[in-house]
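1. Predicted coordinates and the sequence they were generated for:
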2 protein chains.
Amino acid sequence: MSNKKRTTIKDIANVLNISPAAVSKAMHNDSRISTKTKEAVKRVAKELNYQPNHLASALRKGKSNLVGVIVPRTNSNFFSSVVEQMEEVLNKAGYNIIITQSNESFEKECKNIDTLLFTQVDGIIASMANETVDLSYYEKIKSKGIPLILFDRGENDLNVDYVGINDYDSSHMIVEHLIAKGCKRIAHIGGYRRTRIFNNRIRGYIDAIKKNNLPFEDSLLIESDLTLEDGRRKMIELLKLKDRPDAIYIASDYAALGALQILNEQKIKVPEDIKLVGFGNEPFTSLVTPTITSIDQHSSQIGKLAAQTFLERIKNASTEQTLNKIILDAELIVRDSSK
Amino acid sequence: MSNKKRTTIKDIANVLNISPAAVSKAMHNDSRISTKTKEAVKRVAKELNYQPNHLASALRKGKSNLVGVIVPRTNSNFFSSVVEQMEEVLNKAGYNIIITQSNESFEKECKNIDTLLFTQVDGIIASMANETVDLSYYEKIKSKGIPLILFDRGENDLNVDYVGINDYDSSHMIVEHLIAKGCKRIAHIGGYRRTRIFNNRIRGYIDAIKKNNLPFEDSLLIESDLTLEDGRRKMIELLKLKDRPDAIYIASDYAALGALQILNEQKIKVPEDIKLVGFGNEPFTSLVTPTITSIDQHSSQIGKLAAQTFLERIKNASTEQTLNKIILDAELIVRDSSK
DNA sequence: TACTTTTGCTTAAACGTTTAAGCAAATATA
DNA sequence: TATATTTGCTTAAACGTTTAAGCAAAAGTA
């Protein structure tokens, strides 16, 4: 039943007794082709159910109109929403996207980069895995002259476009919010210092504490991998302190949820005894009891801007890639856990 | 700094003074090329940092080694986990995947199909949007002779491979579990009847109720779009009944969470007053209070099997596509909400 | 020694487009 | 009317592979 042979530009040319070149030009509305011919070509194309062969045109034109996207995981609301917006913008500009997940693994990330390069993508938009320290694979992308845009998890050293929120200021917002609520001993469960965004959150926390003349103690600042499980562990650690904190700012909603579970289990009242603030505004923050105060990262804005930045890069392919940061202000969403 | 020109097979051929054809064959370990030449080719390839041009080989061979994946959304744990496993299996077989999201929209799904066909994918693995009734776009895939594999949300009428769980039996498991816990009036908030999987869950619910000689009442069976918000609305409806149910089985964890919120807000004790069972085993079911009993759909198994089914189809390209269902047994995860 | 077979390559065409170059006819300009 | 410009196409090459067909030299066989 299925017409084994695809119809090509040549088939259309034969029907109309013109050259394949004329057909190609007609399809692209070339000004040197008469309207009459254009109409005829489009009519026959429809009749024969013609679908252009993307591979052939990509090969000839030297561009695939594909953009590779690398994210740590798609199952967080932040990343899936970022990707959704990217798709929106890029599809409109005639690009399609290939999504790959690194699962926070450096090794997988390298494989993904190779895969994308092999697939001849026209650009790569990525958010780095937590594990990643060695930047050589990202340098490889740059050395091939393929535009690279980073978002959320970036690295200054790569000297490429970056879109993200102001992590340093976000920490200030959180600390000052907690102070306004009367907190005096604010702890921070942060991410790994070597990850830029988490380092910024930590610096913001420390500076905000000092600026407001609160005690800064090493025991109140804990490094974590920010998974739910580690949030539980680190919360238990904090509760062991002789002088307990009255508020905890946690650099991820998942870890914050873990911490909240421990507090609930130990019948410590939130927010009465201890106030809690997370980061990321994941949907579950408004679903659990009590609801968790968090920072919204404007995921759709980030996706949109990253995509637009890529399109700009493509347009001005001549200009050298440089460190070009787009930093958005985040928004504090106050919920029950800090009221 | 960046070597503008990519190295091609021709460059390698020039260095070694052999033909491009010989280089190509050497790279593919053709038996008619001497080991000496093969080694030389591979050495020079490495030296010149050769990366094969995927577009060219895809064009020539008539296959892209790309598989398109269509999911309603990537941000549920189920779909992201399914996709992760697919990637695992397909990458090993030399395929890469392009992920697209339909956002449960029929229109977006059609666009995605066009996009994937345009990108010349070698196959499509899809889970249908809730909205989708018109199957013509899926027929289009079939008519082009491109393998189509459906998972989770499928349609018998398409007569293609399908991988999913046994929804009918799952409903039986749930109803019988609730009966064992002493429930006598079990309500069901189900999905739309026209969606096959939800219809099966509804049929399973009805049959299990009747089989166990419980009263089946129309008022206890409610159709819903299964979002969190609608879960709240439908729960409120159920609570208005003069004769309240003592257990509620909800065909999605999200809607179950909405229902739980209402019960918590109205101080109705779960599981003491009303028992609750969800569907999907989303991570948050074990995070909320009380934790929610749910059905695990073996997402990684489904991803793996769907990918393998595709590979089988490719291998036996000759055979006509037929309705070929792989049905897995789901697993009931009992948590606090039904204890 | 004379043949067949195997080995190790080369040649050339093909995949389906796009595009630079060119050319004849139609139209505009002087 | 003669010349310049524009219009509407065609020709042919190119993008980087793969592969069928072929051929000479080497190795095997009788």
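-> Thanks, I have the structure now.

2. Three-state assignment for the closest residue to residue A:154 other than its chain neighbours, please.
-> Spatial nearest neighbour of residue A:154, chain neighbours left out: residue A:162 (4.3 Å); criterion: C-beta to C-beta, 6 or more residues apart in numbering or on different chains. The way it works is simple: take the backbone N, C-alpha and C, and place the C-beta from them, glycine included. Look at residue A:162: counting by DSSP: H, G, I helix; E, B strand; the rest coil, its state is strand.

3. Now for residue A:162: which residues touch it?
-> Neighbouring residues of residue A:162 by C-beta atoms under 8 Å, 6 or more residues apart in numbering or on different chains: A:149, A:150, A:151, A:154, A:323, A:324, A:325, A:326.

4. With residue A:284 instead?
-> So residue A:284 contacts A:253, A:257, B:284, B:287 (C-beta under 8 Å, 6+ apart).

5. Check those residues against residue B:332 and report the nearest one.
-> Among the contacts of residue A:284, residue B:284 lies closest to residue B:332 (C-beta to C-beta), at 17.7 Å.

6. Can you get me a residue count around residue A:254?
-> For residue A:254, the count of nearby residues is 22 (other C-beta atoms under 10 Å in any protein chain shown).

7. which parts of the helix or strand where it lies are buried?
-> Assigned by DSSP states H and E, residue A:254 belongs to helix A:253-265. Buried residues in helix A:253-265, counted by 16 or more other C-beta atoms under 10 Å in any protein chain shown: A:253, A:254, A:255, A:256, A:257, A:258, A:259, A:260, A:261, A:262, A:263.

8. Without its sequence neighbours, what residue ends up closest to the closest residue to DNA strand C within the stretch 101-250 of chain A?
-> Closest residue of the stretch 101-250 of chain A to DNA strand C, C-beta to the nearest atom of the strand: residue A:120 (13.4 Å). Nearest residue to residue A:120, sequence neighbours excluded (C-beta to C-beta, 6+ apart): residue A:64, at 4.5 Å.

9. Following the chain past the helix or strand residue A:276 falls within, name the next helix or strand.
-> Element membership for residue A:276 (DSSP H and E) is strand A:275-277. Using DSSP H and E, the helix or strand that directly follows strand A:275-277 along the chain is strand A:294-296.

10. Which residues outside that next one are in contact with it?
-> By C-beta under 8 Å, 6+ apart, the list of residues contacting strand A:294-296 from outside reads A:165, A:170, A:173-174, A:253, A:256, A:277-282, A:285, A:330-333, A:335.

11. do stretch A:102-113 as well
-> Defining contact as C-beta under 8 Å, 6+ apart, one finds that stretch A:102-113 is touched by A:68, A:70-73, A:100-101, A:124, A:128-134, A:137-138, A:140-141, B:84, B:91.

12. Now with 10 Å, please.
-> Residues outside stretch A:102-113 that contact it (C-beta atoms under 10 Å, 6 or more residues apart in numbering or on different chains): A:68-73, A:98-101, A:124, A:126-134, A:136-138, A:140-141, A:148, A:153, A:225, A:227, B:84, B:87, B:91, B:96.

13. pLDDT wise, what is the closest residue to DNA strand D within the stretch 151-300 of chain A at?
-> The stretch 151-300 of chain A approaches DNA strand D most closely through residue A:160 (24.7 Å), counting by C-beta to the nearest atom of the strand. Residue A:160 carries a pLDDT score of 93 in this model.

14. Look up the pLDDT of the closest residue to it other than its chain neighbours for me, please.
-> Among residues not flanking residue A:160 along the chain, residue A:148 sits closest, at 4.7 Å (C-beta to C-beta, 6+ apart). Note on residue A:148: pLDDT of 95.

15. Residue A:183 and residue A:220 touch, don't they?
-> No. Counting by C-beta atoms under 10 Å, residue A:220 is not a contact partner of residue A:183; they are 11.6 Å apart.

16. what do those two both touch?
-> Joint contacts of residue A:183 and residue A:220 (C-beta under 10 Å, 6+ apart) are A:214, A:245, A:247, A:248, A:249.

17. measure the third one to residue A:174 for me?
-> Just to be clear, that refers to residue A:247. Look at residue A:247 and residue A:174: by C-beta to C-beta, to the nearest Å, they are 9 Å apart.

18. More neighbours: these two, which one.
-> residue A:174 (29 against 25).

19. Now do the same contact list for residue A:262.
-> A:231, A:232, A:233, A:234, A:235, A:236, A:238, A:239, A:268.

20. would the last one count as being in a strand?
-> No. Under three-state DSSP, residue A:268 falls outside any strand and is assigned coil.
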